[in-house]
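K.L.:
quick one, fold the following:
(chains A, B and C)
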Amino acid sequence: MGVDQAGMTSADVAKLVGGSLIGAGDVDVHSVASLADATAHDVSFLGNEKYRPQVLTSAAGVVLLPRDFDAPPPSGRAWILCDDPSSSFSCAVMQFAPPMPTYAPGKHPSAVVAADADVHASAHVGPCAVIESGAAIGENSVIGAGVFVGENARLGGDCFIHPNVTIREWCVLGERVIVHSGTTIGSDGFGFIPGASGHEKVPQVGIVQIDDDVEVGAQVAIDRARFGRTWIQRGVKIDNLVQIAHNVVIGEHCFIVAQVGVSGSSNVGRGAILAGQVGVAGHLEIGPGAVIMGQSGVTRDVPAGATLFGTPAISRKEFAREKMLLHQCGDLRQSVKALKRELAEIRAAMDLASET
Amino acid sequence: MGVDQAGMTSADVAKLVGGSLIGAGDVDVHSVASLADATAHDVSFLGNEKYRPQVLTSAAGVVLLPRDFDAPPPSGRAWILCDDPSSSFSCAVMQFAPPMPTYAPGKHPSAVVAADADVHASAHVGPCAVIESGAAIGENSVIGAGVFVGENARLGGDCFIHPNVTIREWCVLGERVIVHSGTTIGSDGFGFIPGASGHEKVPQVGIVQIDDDVEVGAQVAIDRARFGRTWIQRGVKIDNLVQIAHNVVIGEHCFIVAQVGVSGSSNVGRGAILAGQVGVAGHLEIGPGAVIMGQSGVTRDVPAGATLFGTPAISRKEFAREKMLLHQCGDLRQSVKALKRELAEIRAAMDLASET
Amino acid sequence: MGVDQAGMTSADVAKLVGGSLIGAGDVDVHSVASLADATAHDVSFLGNEKYRPQVLTSAAGVVLLPRDFDAPPPSGRAWILCDDPSSSFSCAVMQFAPPMPTYAPGKHPSAVVAADADVHASAHVGPCAVIESGAAIGENSVIGAGVFVGENARLGGDCFIHPNVTIREWCVLGERVIVHSGTTIGSDGFGFIPGASGHEKVPQVGIVQIDDDVEVGAQVAIDRARFGRTWIQRGVKIDNLVQIAHNVVIGEHCFIVAQVGVSGSSNVGRGAILAGQVGVAGHLEIGPGAVIMGQSGVTRDVPAGATLFGTPAISRKEFAREKMLLHQCGDLRQSVKALKRELAEIRAAMDLASET
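P.N.:
Sure, this is the predicted structure:
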């Protein structure tokens, strides 16, 4: 994997991550790996309780562990106890990471930048990128190879637009927005006046507005508004292959997991989580902090803080109750059979009694 | 959002959209907004009955309303009664829309167009677009930046291919076809002869044919046929992130909503609607005018005009019946308990009777 | 469709595919078509039992059939009996296919290839492709127009990377890997430390490793690992619009059908099949040879060879049992009603008896 960087000792790692070393301080490590894959020269970590049994059996030379981990390391290995092993592990990961590309200020000669585009001198514009008339690119932003920035689109500072992204005309991105490759921002909303001999296109002349600190995954489609804006608020994190329709509002700090689709004019409240492959119908309100579980289909407004599951989505509790009801059907069937038998017996007994 | 255009009065707007003005004729407006977002200088509209309560409480200076709306406007505001408020609102939207990009005839110097490609003189070929040998582009068509048009592909007149689309070799698009960014037309169908030590690729040498007046969303994948054609017929509207497999036929004027997947060799009949995230298995016939509700999974042929829901998809009515049956299980359980109790009593009474 | 190639006789076709000719040997054919679409000059085939009734009614001049097909061809038509009609038909398809593009060695002048990139002299680099510093492209590989290959990415020989694909830094592809248009390989995994006032990005500095003979569809997103690798093993076939999250391992020869999503750190065992629109939660083990049916949502580990269906996914057998239980609810309800009636009668009879 990647390149091995200069090695460190287990004691060095403990110092780096601010953890408490238990066991050997001279374990030589030069890369990172999961508990399952690690060798004697790897730093690993316990980030998910599911993997706790792997700690002792792993070959990892060094393991970052929660402070309550009490078994001592086998000979020649080291534990480093941390407040947050996953976060500390990220420090180790960065230490051993291969060098990442750097992006010098300036426009690549093959980039096509309109004369009246306002590209900050510190921004990087990659090969074959296209920046149209009236567009603006802020300080230190990186426009990757093959990216298209349409007329009058405006990007703030410290944005990172990965290769082959399309940002259509008039769209607005704030500061520190990251957009991964292949994504389209500002495509026309899906609006038509239906007719048996042809559907008439409803003009889509609004924009997409993406606020500060948003990250948008790869292969995402965010449609421009019919009018006004489709709005991705501050701090939202959108995973890959997500569909955001026209005039949707995604509230601050929401997580929108991969392959979710949100239909036109729906509002997703602050801090909500839409898990993978969730679908949301149009013109709905999803309350702040709601959690929609994977593959659910939301067809009604959702109260704040609710946890929903299923299609049509119902409360998680109700979903569990329905599942239980279904499983009780088998028992019920047995009970009804028994009742029938018993009734037949009683009837027989009564007939007998009446005959006597 | 965008730029404010020159203002109009409410009387001007009424004239523009051919509606009947009620209330103030001198309300000064210079943009459009939804009822919830509008200010005193916005034109808004009632396009969905759900929002009717917002009309009176909205701050919108001017509201386009259906002719049967009978409450008068508050002082200083204006109603405009129309036959079709949504359609009239589109006129107002266009009036206040920011200027859209224009596309001059000719090839950008950075475009790479094969010497023997037949590009109409009136067509626009954007920066870094690539048009391969033998390809043809019709009158007034726009080929966006970074678009790839493969060998011998043919596009009709008045097409609009947005930036970063890929159209592979030999595919054929009719007149007035719109394709949004990031989409791929003509990728290989997913065909293999399975084998435990490796799957053999089945050649995919057919094409994609897209007829007149089709619109294809962003991030869509339409696979070329194994042989013959994958065929999107006249007037079909395809939303974002849709998967159309090899040799599928989508009949005239269908709506294929976001994230739908249609498997190989299935036929979708004229005017059918596949709602968001629907999946259709392979080699099926979906009858004309059928409606498949969101997230449903179609595993059998569908009769014309049917409305289906669920996975596996069943008729909407049957789906409702199953849901009802499930909910009755709870009551049934109570009934069975009561019956057991009653039987026990009867048995006790009988035992008593026999003892006496 | 496409161009008609030089014609052949039915006898020529039989020789070409190594089959046994029944009927006319001089049927002149010059293209291929499905049974439904074929004309007298087409070769067709029976590849799916569903279409068997169409063989006799089809107009196809020549039909490739399984050896057990016993009805003779109508006058003027020909059967060709084969061991594997579908595979033999692929030979005929290739014979009549329009000429496919060829890719000469060398870099297009508009491509931007870093001075220190190691591109084999036999490789083809298309127009506006970008190959960054330290990247390597193996013998005879084709890099399509507009493709981005990031720093230090390494591709083996005989790869085919279709137009507008993005391969990020440090990713590694083996030999004979095919990647279809619009796809992104190596985007950042979706990892954040959640916080009410903002989520902190977890660095994603691992890679994607794709082994020999893998095919990846269009509009796919394969995220780079948080550390180590996201790993697509030898011979895997991935369809369009699939999401593979960070640190996932897809075992050898799996089929991952369109619009599937696999969440972080899950392992899919050798030869497993994930059908269309399946979702797999994170940190799961799917056993070798498992089959997950379309649209299912996997929330627990899956044993080897199991067939699962539903959300949450259960065994196909259990799914069928649940469906049956539900349908029995209606009968059960009738039974309970009947029991109630009967009990009431008995009680009435007993009251009568006690009165007498």
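K.L.:
which segments of chain A make up each domain?
P.N.:
A:8-96, A:106-315, A:323-356 (automatic domain parsing).
K.L.:
got a markdown table for those, with distance to chain B too?
P.N.:
(Glycine included, C-beta is placed from N, CA and C.) Output for the domains of chain A, formatted as a markdown table (distance: least, CB to the nearest CB, whole Å):
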| stretch | distance to chain B |
| --- | --- |
| domain A:8-96 | 25 |
| domain A:106-315 | 4 |
| domain A:323-356 | 4 |
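K.L.:
which of those domains has the lowest average pLDDT?
P.N.:
For the domains of chain A, the bottom mean pLDDT is recorded on domain A:323-356, which sits at a mean of 82.
K.L.:
ok, and does it reach over to chain C?
P.N.:
Yes - applying CB under 8 Å from any CB of the partner chain, one finds domain A:323-356 touching chain C at A:326-327, A:329-330, A:332-333, A:336, A:339-340, A:343, A:346-347, A:350, A:353-354.
K.L.:
pipe the domains of chain A into JSON lines and attach mean neighbour count per row.
P.N.:
Output for the domains of chain A, formatted as JSON lines (neighbours: other CB atoms under 10 Å in any protein chain shown):
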{"stretch": "domain A:8-96", "mean neighbour count": "19"}
{"stretch": "domain A:106-315", "mean neighbour count": "23"}
{"stretch": "domain A:323-356", "mean neighbour count": "14"}
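K.L.:
what's near enough to touch the closest residue to A:Ala306 other than its chain neighbours?
P.N.:
Leaving aside its sequence neighbours, A:Ala306 sits nearest to A:Ala290 (CB to CB, 6 or more residues apart in numbering or on different chains; 5.0 Å). Contacts for A:Ala290 were tallied using CB atoms under 8 Å, 6 or more residues apart in numbering or on different chains; they are A:Gly269, A:Ala272, A:Ile273, A:Val302, A:Pro303, A:Ala304, A:Gly305, A:Ala306, A:Thr307, A:Leu308.
K.L.:
also A:Val278?
P.N.:
Taking CB under 8 Å, 6+ apart as the test, what A:Val278 contacts is A:Val257, A:Val260, A:Gly261, A:Ile292, A:Met293, A:Gly294, A:Gln295, A:Ser296, A:Gly297, A:Val298.
K.L.:
again, only this time at 10 Å
P.N.:
Neighbour list for A:Val278: A:242, A:256-257, A:259-262, A:286, A:292-298, A:308-309, A:311, A:313, B:277, B:295, C:279 [criterion: CB atoms under 10 Å, 6 or more residues apart in numbering or on different chains].
K.L.:
keep only those of the residues of domain A:323-356 next to chain C that are in helices.
P.N.:
The helices, defined by DSSP state H, take in A:326-327, A:329-330, A:332-333, A:336, A:339-340, A:343, A:346-347, A:350, A:353-354 from the residues of domain A:323-356 next to chain C.
K.L.:
re earlier: who wins for proximity to C:Thr39 among the domains of chain A?
P.N.:
Nearest of these to C:Thr39, taken as CB to CB: domain A:106-315 at 29.7 Å.
K.L.:
isn't A:Gly206 right next to A:His246, touching?
P.N.:
Yes - using CB atoms under 10 Å, A:Gly206 makes contact with A:His246 at a distance of 7.1 Å.
K.L.:
what do those two both touch?
P.N.:
Residues touching both A:Gly206 and A:His246 (CB under 10 Å, 6+ apart): A:Gly189, A:Asp223, A:Arg224, A:Ala225, A:Arg226, A:Phe227, A:Gly228, A:Arg229, A:Thr230.
K.L.:
please enumerate the strands of the stretch 251-356 of chain A.
P.N.:
Secondary structure of the stretch 251-356 of chain A by DSSP state E, counting those that start in this stretch: the strands cover A:255-256, A:261-262, A:267-268, A:273-274, A:279-280, A:285-286, A:291-292, A:297-298, A:307-309, A:314-315.
K.L.:
tell me which of these sits nearest to A:Glu200.
P.N.:
Nearest to A:Glu200, of those and by CB to CB, is strand A:261-262 at 24.0 Å.
K.L.:
give me the contacts around that closest one.
P.N.:
Against strand A:261-262 from outside (CB under 10 Å, 6+ apart): A:221-222, A:230, A:241-245, A:248-250, A:256, A:268, A:274, A:277-282, A:284, A:286, A:297-298, B:239-241, B:257-260, B:276-277, B:294-295.
K.L.:
what ranges do the helices span in the stretch 1-150 of chain A?
P.N.:
A:10-17, A:54-57, A:85-96 (DSSP state H, counting those that start in this stretch).
K.L.:
could you export these as JSON lines, including distance to chain C?
P.N.:
Below are the helices of the stretch 1-150 of chain A laid out as JSON lines (distance: least, CB to the nearest CB, whole Å):
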{"stretch": "helix A:10-17", "distance to chain C": "14"}
{"stretch": "helix A:54-57", "distance to chain C": "12"}
{"stretch": "helix A:85-96", "distance to chain C": "5"}
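K.L.:
any chance of the ones you listed in JSON lines, plus distance to C:Gly76?
P.N.:
Conversion of those to JSON lines gives the following (distance: least, CB to CB, whole Å):
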{"stretch": "helix A:10-17", "distance to C:Gly76": "81"}
{"stretch": "helix A:54-57", "distance to C:Gly76": "70"}
{"stretch": "helix A:85-96", "distance to C:Gly76": "71"}
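K.L.:
of all the ones you listed, which lies closest to A:Ala123?
P.N.:
With CB to CB as the yardstick, what comes closest out of these is helix A:85-96 (24.8 Å).
K.L.:
tell me the angle the closest one makes with helix A:10-17.
P.N.:
If you take axes from the mean of the first three to the mean of the last three CA atoms, to 10 degrees, helix A:85-96 sits at 110 degrees to helix A:10-17.
K.L.:
roughly how far does A:Ala196 sit from B:Gly235?
P.N.:
For A:Ala196, the distance to B:Gly235 (CB to CB, to the nearest Å) stands at 10 Å.
K.L.:
what is in contact with those two at once?
P.N.:
Common neighbours of A:Ala196 and B:Gly235 (CB under 10 Å, 6+ apart) are B:Glu252, B:His253, B:Arg270, B:Gly271.
K.L.:
for A:Asp188, see how far away the nearest residue to A:Gly206 once chain neighbours are set aside is.
P.N.:
Sequence neighbours aside, A:Ala225 is the residue nearest to A:Gly206 in space, at 2.6 Å (criterion: CB to CB, 6+ apart). Here the criterion is CB to CB. By it, A:Ala225 lies 10 Å from A:Asp188.
K.L.:
shared neighbours, the two?
P.N.:
Shared contacts of A:Ala225 and A:Asp188, counting by CB under 10 Å, 6+ apart, come down to A:Gln204, A:Val205, A:His246.
K.L.:
A:Ile232 pairs with what?
P.N.:
When bridges are called by DSSP bridges, A:Ile232 pairs up with A:Ile210, A:Ile250.
K.L.:
residues contacting the closest residue to A:Arg316 other than its chain neighbours?
P.N.:
With CB to CB, 6+ apart as the criterion, A:Arg316 has its nearest non-adjacent residue at 4.4 Å, and that residue is A:Thr307. For A:Thr307, the contacting residues are A:Ile273, A:Gly289, A:Ala290, A:Val291, A:Ile292, A:Met293, A:Ser296, A:Ala313, A:Ser315, A:Arg316, A:Lys317, A:Phe319, by CB under 10 Å, 6+ apart.
K.L.:
tally of neighbours for the last one?
P.N.:
Looking back up the chat, that one is A:Phe319. 18 (other CB atoms under 10 Å in any protein chain shown).
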